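# Build the 3D model from these lines:
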Amino acid sequence: MKIAAIIPVKTFSKAKTRLDLSPHQIEELCKVMLEEILHTISISPQIEKTIMVTKEEKAIEIGKKFNTTTIIDEKEESVNGAVALADKYLLENGFDASIVFPQDIPYIKTQDIDFMLNYKMPPNFAIVVPSRRFDGTNALVRMPVDLMETHYDEDSYKIHMNTAKEHTRNVTMVFVKRIMWDVDNNEDLKFLLEQNEKPQIAEKIVKIIES
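Model prediction:
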């Protein structure tokens with residue numbers, strides 16, 4: 001089963017506007033988080049290829065370290081538009097399934113991906129991992145890759161669950177704590193740093209915040 005990861009990456013200067021950090025700190029934080037998720041995905045035995053959709057030069061450079069396939073998203077209109085570009089590539093290149101991840105879940109581990117994929121039900125299924133506050137989707141697995149369009153930025157986890165049910169009976173919501181921990185605001189960042197996970201990443205984040 002050929003599975004790809006899709007990571008849409010917003011231009012760093014436009015990202016994370018709800019964080020009370022300087023533009024330079026936000027850029028550094030984005031780089032640390034992206035590098036960590038790309039590293040984790042690159043060593044996951046489940047994932048054959050990572051597709052990053054972005055026009056952020058610094059993200060493209062980071063992607064090269066991990067043999068990421070980059071699709072340039074010139075318009076950068078929405079996460080859904082970015083995912084659609086990746087879907088097209090995966091269809092044309094014979095992939096069976098995809099997992100959409102955000103770039104801001106740095107504590108994800110390979111065993112989290114394994115756990116989530118225990119719930120796969122080929123040949124058609126969807127798996128949704130919501131965000132910690134249940135206001136977004138932090139992982140979306142779809143098989144086939146064009147099972148359905150995505151609905152990010154609109155109370156997405158409920159919409160993804162409901163839309164998936166229109167296309168397949170095999171829809172599962174899975175709770176995977178490290179995938180659920182994303183960073184949108186200062187409270188998220190504080191919460192992340194209070195968890196006893198990936199101390200070397202936490203240290204990098206603290207250095208950025210205190211710089």
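# Regarding this protein, what is its longest helix?
Once the chain is assigned using DSSP state H, the helix that runs over the most residues is helix 23-42.
# relative orientation of the very next helix or strand once past that helix and helix 23-42 in degrees?
Downstream of helix 23-42, the next assigned helix or strand under DSSP states H and E is strand 49-54. Interaxial angle, strand 49-54 versus helix 23-42 (axes from the mean of the first three to the mean of the last three Cα atoms, to 10 degrees): 160 degrees.
# How about the residue of the chain positioned farthest from its centre: what's its closest non-neighbour residue?
The centre of the chain is farthest from one residue, residue 211, which by Cα atoms, centre = their mean lies 26.7 Å away. Nearest in space to residue 211, with sequence neighbours left out and distances taken as Cβ to Cβ, 6 or more residues apart in numbering, is residue 25 at 6.6 Å. For every residue, glycine as well, the C-beta is placed using N, CA and C.
# My guess is that neighbour contacts residue 210. True?
No - here residue 25 does not reach residue 210: they are 9.5 Å apart, not a contact under Cβ atoms under 8 Å.
# Those two: which is more packed in?
residue 25 (17 against 7; other Cβ atoms under 10 Å).
# quick one, what contacts that one?
By Cβ atoms under 8 Å, 6 or more residues apart in numbering, the residues touching residue 25 are 208, 209, 211.
# Could you do residue 103 as well?
Counted by Cβ under 8 Å, 6+ apart, residue 103 has contacts 7, 8, 9, 30, 33, 34, 37, 59.
# With residue 57 instead?
Applying Cβ under 8 Å, 6+ apart, no residues qualify as near residue 57.
# Distance of it relative to residue 12?
With distances taken as Cβ to Cβ, to the nearest Å, residue 57 is found 9 Å from residue 12.
# same question, residue 200
Here residue 200 is placed at a distance of 22 Å from residue 12 (Cβ to Cβ).
# Which residue of those two possesses the greater neighbour count?
Between residue 200 and residue 12, counting by other Cβ under 10 Å, residue 12 is the more crowded of the two (22 against 7).
# Pull up the per-residue confidence for the residue nearest to residue 211.
Reported pLDDT at residue 25 in the predicted model: 97.
# Kindly report the same for the one 4 residues further on.
Per-residue confidence (pLDDT) for residue 29: 98.
# Check whether it really touches residue 22, as I assumed.
No - in this structure residue 29 lies outside contact range of residue 22 using Cβ under 8 Å: 10.3 Å.
# And these two? Which one has more around it.
Between residue 29 and residue 22, counting by other Cβ under 10 Å, residue 29 is the more crowded of the two (23 against 11).
# OK, contacts around the more buried one?
Remark: with contacts taken as Cβ under 8 Å, 6+ apart, residue 29 is in contact with 16, 19, 21, 183, 205, 208, 209.
# give me that answer again for 10 Å
12, 15-16, 19, 21, 104, 106, 183, 189, 204-205, 208-209 (Cβ atoms under 10 Å, 6 or more residues apart in numbering).
# Over to residue 66?
34, 35, 37, 38, 39, 40, 41, 42, 43, 50, 52.
# if we can go back for a sec, and the buried ones among the contacts of residue 103, selectable in ChimeraX?
To isolate the buried ones among these in ChimeraX, judged by 16 or more other Cβ atoms under 10 Å, type:
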select :7,8,9,30,33,34,37,59
